[in-house]
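Colleague: Sequence and computational prediction follow.
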Amino acid sequence: MYQTTLETPIGALLIQATDHGLCYVGFDMSRAQSGLSCNNDLLNQALYQLQQYFDGTRQAFDVAIDVAGTDFQNQVWNALMTIGYATTCSYGDIAKLLNNPNAVRAVGAANGKNPISIIVPCHRVIGSNGTLTGYAGGVDKKQWLLAFEQAHYDD
């Protein structure tokens with residue numbers, strides 16, 4: 001396992017990877033482990049792409065991901081990857097996309113368990129009434145990310 005951190009405008013971001021892909025990107029620094037190497041090509045690629053994102057020059061990511069989740073969680077996380085930069089959708093929209101329109105709460109739970117923040121853009125999912133609900137890093141970070149993407153959107 002490898003790890004590094006990235007200072008961002010909204011706080012330190014912990015990035016962890018295996019030899020196969022990213023396994024954690026988020027703001028929970030209590031997950032940091034001492035003695036892990038930061039010398040890994042995949043980790044460096046993710047770090048570079050995240051720096052570009054926070055510089056406003058990257059709108060999509062191209063890094064390998066190595067996460068373990070339930071089949072449903074993996075379906076939700078894959079659906080999150082289809083939400084375009086600077087756009088949002090509701091938990092209900094994701095449930096419908098998965099052909100399971102009654103699974104709104106389950107989608108919310110899976111969204112909350114997303115271990116790859118920003119790259120798997122769970123911050124782009126909002127309440128059906130447009131409210132900003134839940135984000136592992138805090139709703140203030142979610143609000144900042146959405147405003148940042150709007151300000152840097154280049155179609």
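Modeller: It's in.
Colleague: Which residue ranges of this structure form helices?
Modeller: Taking DSSP state H as the criterion, the chain carries its helices at 41-55, 71-80, 91-97, 104-112, 139-152.
Colleague: would CSV of the ones you listed with mean neighbour count, mean pLDDT and distance to S30 be doable?
Modeller: The way it works is simple: take the backbone N, C-alpha and C, and place the C-beta from them, glycine included. Converted to CSV, the helices of the chain look like this (neighbours: other CB atoms under 10 Å; pLDDT from 0 to 100; distance: least, CB to CB, whole Å):
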stretch, mean neighbour count, mean pLDDT, distance to S30
helix 41-55, 17, 95, 19
helix 71-80, 18, 96, 22
helix 91-97, 19, 94, 27
helix 104-112, 19, 93, 17
helix 139-152, 16, 90, 16
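Colleague: Let's have the ones you listed in CSV, adding distance to G35.
Modeller: CSV is the format used below for the helices of the chain (distance: least, CB to CB, whole Å):
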stretch, distance to G35
helix 41-55, 15
helix 71-80, 29
helix 91-97, 38
helix 104-112, 29
helix 139-152, 28
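Colleague: Which one, of those, ends up nearest to S128?
Modeller: With CB to CB, the closest approach to S128 among the helices of the chain belongs to helix 91-97: 5.2 Å.
Colleague: and the residue of the chain most remote from its centre, how far is that from L14?
Modeller: Note on the chain: the largest C-alpha distance from the chain mean falls to G35, namely 25.1 Å (CA atoms, centre = their mean). Using CB to CB, to the nearest Å, we find G35 at a distance of 15 Å from L14.
Colleague: sorry, back to before: which one, of the helices of the chain, ends up nearest to H123?
Modeller: helix 139-152 (4.6 Å).
Colleague: Look up the closest residue to the most centrally placed residue in the chain, ignoring the ones flanking it.
Modeller: The structure's the chain has its C-alpha centroid closest to S117; by CA atoms, centre = their mean the separation is 2.3 Å. Counting by CB to CB, 6 or more residues apart in numbering, S117 lies nearest to G26, which is 4.5 Å off, once chain neighbours are set aside.
Colleague: show me the contacts for the one you found.
Modeller: Residues counted as contacts of G26 (CB atoms under 8 Å, 6 or more residues apart in numbering) are L13, L14, P115, I116, S117, A136, G137.
Colleague: Including distance to H20, could these go into TSV?
Modeller: Shown next, in TSV, are the contacts of G26 (distance: CB to CB, whole Å):
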residue	distance to H20
L13	20
L14	18
P115	14
I116	13
S117	19
A136	23
G137	25
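Colleague: With that, I have no additional questions.
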